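Student: generate coordinates for the sequence data below:
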Amino acid sequence: MAKRNPRLKKAGAVSEFTPEMIAEVRRCRADPIYFARKYVMIKHARRGKIKFDLYPYQEEMLRMYMANQYNIILSARQTGKTETTCAYLLWFAIFHGDKTILVVSNKGSNAKEMIGKIQYAYEELPEWLKPGIDDSSWNKHECAFDNKSRIIAQATSSDSGRGLAISLLYCDEFAFVKPHIQAEFWDSVSPTLSTGGSCIISSTPNGDTNLFAELWRRATMKIEGNVFFPKHVPWDAPPGRGEDFKKKQIAILGERKWRQEFECDFLSSDGGLMDSYAMDTIKKEVELKTPAFEIVDGTETHTFFKLLDPLSTYIIGVDPATGSGLDSSAIQLFEFPSLEQVYEYRSNTMDAVYVYSVLKKLIAFINNVGSIVYFSVENNGVGQSIIALYMADENPPEGTFVSEDGKGKLGINTTTRSKIRTCLKMKNMVESREFKLSTNGLVNELKAYVRKSGSYVAQHGATDDGISALLVVIRILEEMANYDASAYALMYKFDVPDHWKDDVHQKEEWNYTVPVFENPVN
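Tutor: Alright, predicted model coming up:
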């Protein structure tokens, strides 16, 4: 007969509590951060047993777990995300009775290792803080407490958790589960969470077409239907990590592995249109930008990233949607000739009538400053609705509705061939910084834009509505190039005489006041 583990408190054992102990139990029950800081011990690779002294980002993770039903963590390697989550799972099991907690990982050995971390932390608790344990349910795959809560560990598979009433699910290194297993597992387990169960998913990236990448994109881009609250834990979040650490890891792992496992880049294996290095740099530049001003119009806030200039021209590309929630309408506003992104509008609930009203307000707003406006819309599909509204409008917007030269109808027609050509031009103009981007939404779309079936589309789970509007902007520039030397130089890279450049696009100092959106659709 095996000798009983002396660190396990026997099921049903009675402890005597002092008033101080009772106060501590209450405080621990109310605050997992306090519980982890004061009572949880972890194994350090070099120092052995140490107290779990949480870093600020680990405290933020615990607050997230407390506040939200669904959480997704994108974490660099070796940041202590697993220890943090295991401490939370132990706290949850101890202070919440009749709960089933399922831990799944990409490998069975990893799942068992997490159970080991939880059991180690339990064994190091003071005796009076421990719930009782039944020896028969204390093993490499499970630990059960006498408050009827239990923690079960399994390798992620299509039927993991099947038949369990899961109160809390933790998916560790989810991106490293085979993509079809990810999808099958999630389809199987998510209905069990619909009755109130909570979920934590954490991983470093592993490609950008799997379910983890999709869930992360939906969470960070706030796509309709998303339920996850995201948190990114960067490689330099733990104290003591700097450039020396980075150089050493790159020397060991190589640049690509470093970018995936420490920079948390979703490196594409699907032939992304944009260069990953260029987009990473652009993303960092965009994240430093701040709005120039905002306009509140009803329930919507319109954000502008640059003051409008009466000596500049403005180009508006429109990609309308049905408003059914399946895709979004998008409007992109760029200043010309700087090609700086000034404004972006997105909505997946507004129909063509409303989008046209926003377009009219935007054009009137630019007119009020005294600038010239060119605008257009793709005339395939839903774009015809915008064109019909424009043609029927007794007071159409005071801008130039750009159409393809010689086509005989309003708007821009898109074919597979013209889309590929325009996409490649967009690639060159974005990567060379001729387009100066301002919004994370557009940058994220460009990072997830890939070649598929002879064209370019958004990866599964991502969107490309902002890109579609940007492609219209490029087509407008191509039409302008027929008569505007600056546009010609930008689009075709030919040198032009200096006197062509020294025209109305020269900037002058002036006194700017922000007008308001006026002249809605009649």
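Student: do you know how far Asp236 is from Ser453?
Tutor: 40 Å (CB to CB, to the nearest Å). All C-beta spots, glycine's among them, are computed from the backbone N, C-alpha and C.
Student: and for Glu300?
Tutor: From Glu300 to Ser453 the distance is 36 Å (CB to CB).
Student: which one of these two is surrounded by more residues?
Tutor: Ranked by neighbour count (other CB atoms under 10 Å), Glu300 and Ser453 place Glu300 first, with 13 against 7.
Student: what are the phi and psi angles of the more buried one?
Tutor: Main-chain torsions, Glu300, degrees, to the nearest 10: phi -110, psi 150.
Student: put the alpha carbons of stretch 192-210 into PDB.
Tutor: Extracted C-alpha coordinates of stretch 192-210, given in PDB (Å, rounded to 0.1, in the frame of the first residue of the first chain):
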ATOM      1  CA  THR A 192     -21.100  23.500 -22.800                       C
ATOM      2  CA  LEU A 193     -19.800  27.000 -21.900                       C
ATOM      3  CA  SER A 194     -23.000  28.600 -23.200                       C
ATOM      4  CA  THR A 195     -24.800  28.000 -19.900                       C
ATOM      5  CA  GLY A 196     -22.400  30.200 -18.000                       C
ATOM      6  CA  GLY A 197     -19.000  28.500 -18.100                       C
ATOM      7  CA  SER A 198     -15.800  30.600 -18.400                       C
ATOM      8  CA  CYS A 199     -12.900  30.200 -20.700                       C
ATOM      9  CA  ILE A 200      -9.300  31.200 -20.800                       C
ATOM     10  CA  ILE A 201      -7.200  30.600 -24.000                       C
ATOM     11  CA  SER A 202      -3.500  31.400 -24.000                       C
ATOM     12  CA  SER A 203      -0.700  30.800 -26.500                       C
ATOM     13  CA  THR A 204       2.100  32.100 -28.500                       C
ATOM     14  CA  PRO A 205       1.400  32.400 -32.200                       C
ATOM     15  CA  ASN A 206       1.900  29.500 -34.600                       C
ATOM     16  CA  GLY A 207       0.900  30.600 -38.100                       C
ATOM     17  CA  ASP A 208      -2.000  32.900 -38.800                       C
ATOM     18  CA  THR A 209      -4.700  30.800 -40.300                       C
ATOM     19  CA  ASN A 210      -5.700  28.600 -37.300                       C
END
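Student: give me the buried positions along that stretch.
Tutor: For stretch 192-210, burial by neighbour count (16 or more other CB atoms under 10 Å) applies to 192-193, 197-210.
Student: check stretch 294-302 too.
Tutor: Residues of stretch 294-302 classed as buried: Ile295, His302 (neighbour count, 16+ other CB under 10 Å).
Student: that stretch: end-to-end distance?
Tutor: Stretch 294-302 has its terminal residues 6 Å apart, counting by CA to CA, to the nearest Å.
Student: can you pull the contacts of Ile412?
Tutor: Ser376, Val377, Glu378, Asn379, Val402, Ser403, Glu404, Val472, Arg475, Ile476 (CB atoms under 8 Å, 6 or more residues apart in numbering).
Student: to clarify, my last question referred to Lys419.
Tutor: Applying CB under 8 Å, 6+ apart to Lys419 gives the contacts Ser455, Tyr456, Leu471.
Student: going by distance to Tyr34, which of those wins?
Tutor: Lowest distance from Tyr34 to the contacts of Lys419 (CB to CB) belongs to Tyr456, with 51.1 Å.
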